[in-house]
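A.B. asks: Model the structure of this input:
(one chain, ligands or ions: 2)
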Amino acid sequence: MERQTPILEVDHLTVVYETAKGDVIAVRDVSFSLYPNEIMGLIGESGSGKSTMAYAILRMLKGAARVVHGTVRILGKDIYLLSPEELRKFRWSHFSMVFQSAMNALNPVMTVEAQVIDTLKSHRPHLTRLEAKERALELCELVRIDPRYLKSYPHELSGGMRQRIVIAIAIALEPSLVIMDEPTTALDVVVQRSIMDQIRDIQMRVHFSILFISHDFSLVSELATRIAIMYAGQIVEFTDSHSLEDRMSLHHPYTEGLWNAIPKLANRNIVIEGIPGGPPNLLKLPEGCSFHPRCRYKSEICSAQTPELKTYGTYEIACHHVLDKEGHHD
Ligand SMILES: Nc1ncnc2c1ncn2[C@@H]1O[C@H](COP(=O)(O)OP(=O)(O)OP(=O)(O)O)[C@@H](O)[C@H]1O
Ligand SMILES: [Mg+2]
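C.D. replies: Ligands and ions are numbered 1, 2, ... in the order given. The predicted structure is shown next:
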């Protein structure tokens, strides 16, 4: 996979919110690449910086947020060097996004069809109306929505249907990259599951890369092939999803804590334990490893020295104790 040209390259990205109390460092020195057709999951507790990172990648940060360091390249182009006009053309055609609230993404006073056609025609002005309508039908088929709903207004659709329409619009122009930030969190569990299946199905049929953000570890591990785990603005681990459970003791203590916090319905004998304590103050991170105050494996080095990401087989983990924690339990 590494030999291919990446679709997305994030390099030493740091994002702060400028506040009266100082800079809140919401994303700290994050680097990774996403390859063609790859689905990468990004997980972490609330406030760990997932959405801030997504908005930074999409060049959609607002208000007090600033990229203070690093670069974001999509299809080799530094998106912060594009002119507003170039960015407008690039967005939707080459990358797009699906956020949690479909209601906010859709225009309440336009029919679904008008919105799909609008997106198509604003980027492909040469398309005739008929061609755009045909494409809208194709997209309906892809997200499994009965075409008669094209004439509906967003409020006439269920939450799950609205989110399917948002997904249809996101892939309308065949982008190489779609960033999905908690796309199913607002939906009930049954609808959530059917949309997840659909995302996987569509991705296999039309091929694009996905950065899939969630705080639901089990959801992400089913969809993604690689998972990045974020804590206090930093990626503390990159891991494969399929081998997670086998060698949990070989993961970051935070990853282990998140994993153990998932109720394991299949095995009621496993003790469900969360992670004690709460996320740190991003204005003033603990010295050394920012997870150490909550970590059951901590030792002196953890508060003295910040661990770097190190490679262990197919994983990368930033922890001083990955290897010696293996004998510690299980
Ligand atoms: N407007 C703001 N001003 C100051 N700090 C902010 C602002 N917005 C977010 N933050 C800080 O940035 C951090 C990251 O927020 P972000 O929304 O990116 O987290 P997240 O991982 O997406 O959380 P969630 O799972 O709840 O969506 C938060 O801890 C918060 O303290
Ligand atoms: Mg978020």
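A.B. asks: ok, Asp23 - contacts?
C.D. replies: Val16, Tyr17, Val68, Leu283 (C-beta atoms under 8 Å, 6 or more residues apart in numbering). Yep, even glycine has a C-beta here, placed from its N, CA and C like the rest.
A.B. asks: likewise Pro253?
C.D. replies: Phe291, Cys295, Arg296, Tyr297, Cys319, His321, Lys325.
A.B. asks: my guess is the fourth one contacts Leu323, does it?
C.D. replies: Spelled out, that is Tyr297. No - judged on C-beta atoms under 8 Å, Tyr297 makes no contact with Leu323 at a distance of 11.0 Å.
A.B. asks: quick one, which of the two is more surrounded?
C.D. replies: Tyr297 (18 against 13; other C-beta atoms under 10 Å).
A.B. asks: how close does the more buried one sit to Trp259?
C.D. replies: 15 Å (C-beta to C-beta, to the nearest Å).
A.B. asks: and of the contacts of Pro253, the nearest to Ser101?
C.D. replies: Phe291 (30.6 Å; C-beta to C-beta).
A.B. asks: The closest one contacts Ala232, correct?
C.D. replies: Yes - using C-beta under 8 Å, Phe291 is in contact with Ala232, at 7.5 Å.
A.B. asks: So which of those two has more stuff around it?
C.D. replies: Legend: neighbour count by other C-beta under 10 Å for Phe291 and Ala232, higher for Phe291 (27 against 23).
A.B. asks: Tell me the residues of the stretch 51-200 of the chain that contact ligand 1?
C.D. replies: Within the stretch 51-200 of the chain, the positions adjacent to ligand 1 are Ser51, Thr52, Gly63, Ala64 by C-beta under 6 Å from any ligand atom.
A.B. asks: which ones are touching Pro149?
C.D. replies: Careful, residue 149 is Tyr; it's not Pro. Here Tyr149 is in contact with Val112, Cys140, Glu156, Leu157, Met161 (C-beta under 8 Å, 6+ apart).
A.B. asks: Going along the chain, name the helices of the protein.
C.D. replies: Assigned helices in the chain, in chain order: 50-57, 84-93, 102-105, 112-123, 129-142, 159-171, 189-206, 217-223, 253-260, 300-304, 322-325 (criterion: DSSP state H).
A.B. asks: what stretches of this protein score poorly on pLDDT?
C.D. replies: 1-3, 263-273, 326-330 (pLDDT under 70).
A.B. asks: Around the residue nearest to Ser214 when sequence neighbours are not counted, count how many other residues there are.
C.D. replies: Residue nearest to Ser214 in three dimensions, not counting chain neighbours: Val220, with 5.0 Å by C-beta to C-beta, 6 or more residues apart in numbering. Residues near Val220, counting by other C-beta under 10 Å, number 22.
A.B. asks: 205 is where my numbering starts, stick with that
C.D. replies: All right, first residue 205 from here; so that's Val424.
A.B. asks: which residue is nearest the centroid of this protein?
C.D. replies: Geometric centre of the chain, nearest residue: Ile417, 2.7 Å, by C-alpha atoms, centre = their mean.
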